[in-house]
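Visitor: task: produce atomic coordinates for the following.
(2 chains, ligands or ions: 3)
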Amino acid sequence: MPEYTLKLRRYSPESGEPAYWEEFTADLDGHRSVLDGILQIRDREDGSIGIRHSCRAAICGSCGVSINGRPGLACHMHLEEAQKRAERDGGVITVEPMGNMPVLKDLIVDMDAVHWKKMQRVTPWLIPEGEHPEREYIVPKEAMVDVTQTMACIQCGACVSHCLSMEVDPLFIGPAALAKAYRFVGDPRDGQQFERLRDLSEDPHGIYDCTHCFNCIEACPKGVAPMSQIMRLRRIAGSDHGIEDRNNGHRHENAFVKNIERNGLLHEADLLPDSYGGKFHPRAVPELLSSLPIALRGLQRGKITPKKALLHEHKAPQEVKDIFQRVHGHDTRFELNLYVSGKDEEQSGEQDNHDIVEGAQAHGTPSSSSAERSPNSV
Amino acid sequence: MPAHDVLIIGAGLAGQRAALAAAGAGASVAIMSKVHPVRSHSNAAAGGINAALNVDDSWESHAFDTVKGSDYLGDQDAIEIMCREAPGEVLWLEHQGVTFHRNDEGKLGTRAFGGASAARTYYVADITGQALLHVLYEQLMKNYLTVDRYEEWFVTSVVQDDAGEACGVIARNIRDGSMELFAAKSVILASGGAGQAFKPTTNAMICTGDGIAQAYRIGAPLMDMEMIQYHPTTLAGNGILITEGARGEGAHLYNAQGERFMEKYAPNKLELASRDVVSRSEQTEINEGRGFPDGTVALDITKVPRKRTLEALREIVNIGRDFAGVDITREPIHIKPGCHYIMGGVKTDVWGETSIPGLYAAGEVACVSVHGGNRLGANSLLDTLIFGRRAGEHAADRAKGMSMPVPSEKSLADEQAMIDAIVRRERGVGRRVSEIKDELGTMMNEKVAVFRDQDGLTEAHAIVHRLKDEAKSAYIDDQGTVFNQDVLGVIELGYMLDCAEAIVMGALERKESRGAQFRLDFPKRNDAEWLKHINVSANGGDEPKISYSEVTMTQWEPQERTY
Ligand code: SF4
Ligand code: SF4
Ligand code: FES
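Guide: Numbers count the residues shown, from 1 in each chain, chains lettered A, B, ... in the order given. Ligands and ions are numbered 1, 2, ... in the order given. I've put the predicted structure just below:
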């Protein structure tokens, strides 16, 4: 059996000690998961390692963690693959708790405090208009398939873990909850489409607070593509209901799009000035000043370095440019749905769409290994 | 002390449905689960839910299929109720927001399933259980004012009053290790099955038979425990499930010689014969040397159009890729029968009442019995919902004329002492919990599986006894209070061992072959002597007691069972 070194983030709130790293070895077939590795270590060596787990098959959403800096399910990542990805970290598979949520113990985070609170925020239940029919609601087949993509969410929190907007604005409703919101907005049985959309548009932490960082799409093990769902919410709010974005979010979003198109990956130092009309736009100065804490945080975390802020080390790869060209050059609305699209069975809808997200997604096969798709995953 | 009219243990479909029903009937309700409700094992029921909702279908036909599937061990009054109420339940689910698959007219569409004479399985792609579970949880979030949720609380025992009535539970808050006594006029056990007593199993790690053992320990009889379903299509090694939906959509089974062997065993229904029949056929092929070297046969889904597979079986496309490295749309996948479901459980009536007043059971933890010797695919979701709802309604009704009981604090102190003693056990003296669990599972999967005999079962019985002894000194590493999963593992091991004992005793007792129980030494069904339920009850420290109960017949006389 091959051996794998797993470095786990340990934290025991009772000890009074800060979190620390501990290394273990697992010997398992490379096809087994990181969760299997951790469970083997628990069984053999140290039963006190805390990790939520149950199904082992990526359906219960218990085992969200961050593996070598990438969020995902421990049961959904092969040891072999994890090892390969860990090469730049010396071949050590590093597992730590998800981000954006407080740690309770070892790899266990407080999902109630963040994830479930946000979920409750989007009124996550169907509100039909009037009495229900005697039999079933008659609704288009496609509509049910469409919302089933968001029904596929297993509430694992992986998308929340690395959501860039949530890092900056902890009040941001976030990818998973907004994907859940789409599940109702897109459901023809729901009678509150307008109210839901107005609510989520007017909330400064709502749909316009997403910065298009792609992290949630990349993180999601179930192909829910939260960012795409958020884009659809915006589109329906704006085009179909004429709801205005009063919170500058849309400009912020455009800045991100431009930034990615130019650099191929998110260049955060540029982002703030861009969203206020470019670095030397007079408006940028006061606005930038008010955003200063955000930039400082970026500096602290190494996301923005002074060097990076001035020089672009990356040029947009051809792939990213292709996506933009393809989408901008398309007249039809790409309604991406993983339940209906395969490479050879792409669907195209009836309305106009110039949305990068769907385009980016329509490139892929219905696979959850979306890493290649994200221009931000360099 | 928290007090509720109705306290539900377990928050899968049965528990959540019971909670909504009880709250709807005006009771004060709490639902408690050792995991967050959406982590429950109901997620794994991929294929769908049966209901005779089409005008050209009838509940009688559904009931007959279920009776026949059960190998005539199911109680026909309960089966009638389930099948009659199924259409209303599916519509209720639809109205709550379940995104059921539609046909071209926008109405509910169906797929075919094993053992059924009509296509009556309603579904959401291949995430039906997950979709139902999450939609019910949406309703719990909506009803947060009327249903209290205790998420990540672990029940250590059900408490009885002096008269023997259930009056509450003792539970440990997993987040901080504190113990609490809960008072309740009624307790509904809805905490699922015991598949983890087998290894491998399709069951999630949480399925450790908690509720079955909790009821058993306070004197409730367990019924049909020997009836363990082996699902025909699980991955070798890790036991991960490939949904029956695959065969429902048209996938075929082949042995290593490329023969579609089901033609031999079930010439009419082929791959869609009932699960016990298909599993036995596969195991026969494997045992007689016509399987692949890894002890498997092949499931070929490439027969199904690729677009359809991607749309309706997407989850198993992912499972094939992630857990077996196979693209199921292009090549066959190796599978074998694997432990999947326990038809037996805590004996209840059609309202979920156990023999202990105030204690109810619903879902896989219970045995009503609607599944008898073999459960049909897509009947388990139905069972959880129908009997979960009925238990919730009945318990709410019962609460109306009652005052709140006051359970004794002494039981709380006892349980606290029990846990403290486990934490204090000397390390390195006994065996590790994981070792015992592993031995139990491997042994059960060898001796109490698809084919059984007297010798194997007798050995199994002795081994379970030895493991029970060893479990008393099994030690743990975690001394903490916050998320001490280690100490819970010891308690779960105890639950599993109790379940295993009852399973083995039932299997030893039933000297015939019926449904999931196939005795090599008694290969025929024997209606004259064994058309009856076997009950196992705890008996203080002594060997458990065996008793029998009648199978309720309404309109279907036992016939020979062919597919
Ligand atoms: S795309 Fe938007 S929602 Fe998704 S992770 Fe980035 S900021 Fe968060
Ligand atoms: S959207 Fe994806 S990553 Fe986010 S919680 Fe749902 S399944 Fe997990
Ligand atoms: S254990 Fe269920 S998702 Fe990983």
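Visitor: least confident secondary structure element in chain B?
Guide: helix B:314-319 (a mean of 86; mean pLDDT, DSSP states H and E).
Visitor: show me the chain divided up by domain.
Guide: Just going to use chain A. Following automatic domain parsing, one gets these domains for chain A: A:3-109, A:112-240, A:249-328.
Visitor: sorry, I should have been clearer: chain B.
Guide: Split by automatic domain parsing, chain B gives B:3-227+B:341-404, B:228-340.
Visitor: and the shortest one, does that touch chain A?
Guide: This means domain B:228-340. Yes: for domain B:228-340, a contact with chain A is found by Cβ under 8 Å from any Cβ of the partner chain, at B:238, B:240-241, B:306-307, B:310-311, B:314-315, B:317-319, B:321-323, B:325. All C-beta spots, glycine's among them, are computed from the backbone N, C-alpha and C.
Visitor: check whether that domain comes near ligand 3.
Guide: No: taking Cβ under 6 Å from any ligand atom as the criterion, domain B:228-340 and ligand 3 are apart, separated by no less than 11.0 Å.
Visitor: so which residues on the stretch 151-300 of chain A come close to ligand 1?
Guide: Residues of the stretch 151-300 of chain A lying near ligand 1 (Cβ under 6 Å from any ligand atom): A:163-165, A:175, A:210-216, A:226-227, A:230.
Visitor: make it 5 Å
Guide: Contact residues, the stretch 151-300 of chain A versus ligand 1 (Cβ under 5 Å from any ligand atom): A:163-165, A:175, A:210-211, A:213, A:215-216, A:227.
Visitor: and B:Arg427, how many neighbours does it have?
Guide: Number of residues near B:Arg427 (other Cβ atoms under 10 Å in any protein chain shown) recorded here: 11.
Visitor: ok, B:Ala194 next?
Guide: For B:Ala194, the count of nearby residues is 32 (other Cβ under 10 Å).
Visitor: mean pLDDT added to the domains of chain A, as JSON lines?
Guide: Shown next, in JSON lines, are those (pLDDT from 0 to 100):
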{"stretch": "domain A:3-109", "mean pLDDT": "95"}
{"stretch": "domain A:112-240", "mean pLDDT": "96"}
{"stretch": "domain A:249-328", "mean pLDDT": "48"}
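Visitor: which ones among the residues of the stretch 151-300 of chain A next to ligand 1 also lie next to ligand 2?
Guide: Of those, not one also sits near ligand 2 (Cβ under 5 Å from any ligand atom).
Visitor: pull up the gap between B:Ala197 and ligand 1, please.
Guide: 41 Å (Cβ to the nearest ligand atom, to the nearest Å).
Visitor: for B:Gly195, same thing?
Guide: Distance from B:Gly195 to ligand 1, by Cβ to the nearest ligand atom: 36 Å.
Visitor: checking B:Ala30 next. Helix, strand or coil?
Guide: Of the three states, B:Ala30 takes strand under DSSP: H, G, I helix; E, B strand; the rest coil.
Visitor: ligand 2 contacts on the stretch 51-200 of chain A?
Guide: A:153-154, A:156, A:158-159, A:176.
Visitor: show me which of those neighbour chain B.
Guide: A:153-154.
Visitor: filter the residues of the stretch 51-200 of chain A next to ligand 2 down to the buried ones.
Guide: A:153-154, A:156, A:158-159, A:176 (16 or more other Cβ atoms under 10 Å in any protein chain shown).
Visitor: what sits closest to the closest residue to ligand 1 within chain B if chain neighbours are left out?
Guide: In chain B, the residue that lies nearest ligand 1 is B:His134 (19.9 Å; Cβ to the nearest ligand atom). Closest residue to B:His134 apart from its sequence neighbours, by Cβ to Cβ, 6 or more residues apart in numbering or on different chains: B:Val38 at 5.9 Å.
Visitor: in helices, which of the residues of the stretch 151-300 of chain A next to ligand 1 appear?
Guide: Counting by DSSP state H, the part of these found in helices is A:164-165, A:175, A:215-216, A:227.
Visitor: about what we covered before: columns distance to ligand 2 on top of the domains of chain B, output as JSON lines?
Guide: Listed next are these as JSON lines, based on distance: least, Cβ to the nearest ligand atom, whole Å:
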{"stretch": "domain B:3-227+B:341-404", "distance to ligand 2": "10"}
{"stretch": "domain B:228-340", "distance to ligand 2": "12"}
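Visitor: and those, which is most packed in?
Guide: Compared across those, domain B:3-227+B:341-404 shows the largest average neighbour count, a mean of 24 (mean count of other Cβ atoms under 10 Å in any protein chain shown).
Visitor: relative to B:Gly248, which of the buried ones among the residues of the stretch 51-200 of chain A next to ligand 2 is nearest.
Guide: B:Gly248 lies nearest to A:Ile154 out of those, by Cβ to Cβ, at 23.1 Å.
Visitor: now the nearest residue to that closest one once chain neighbours are set aside: how far from ligand 1?
Guide: Leaving aside its chain neighbours, A:Ile154 sits nearest to A:Gly61 (3.4 Å; criterion: Cβ to Cβ, 6+ apart). Distance of A:Gly61 to ligand 1, given as Cβ to the nearest ligand atom: 17 Å.
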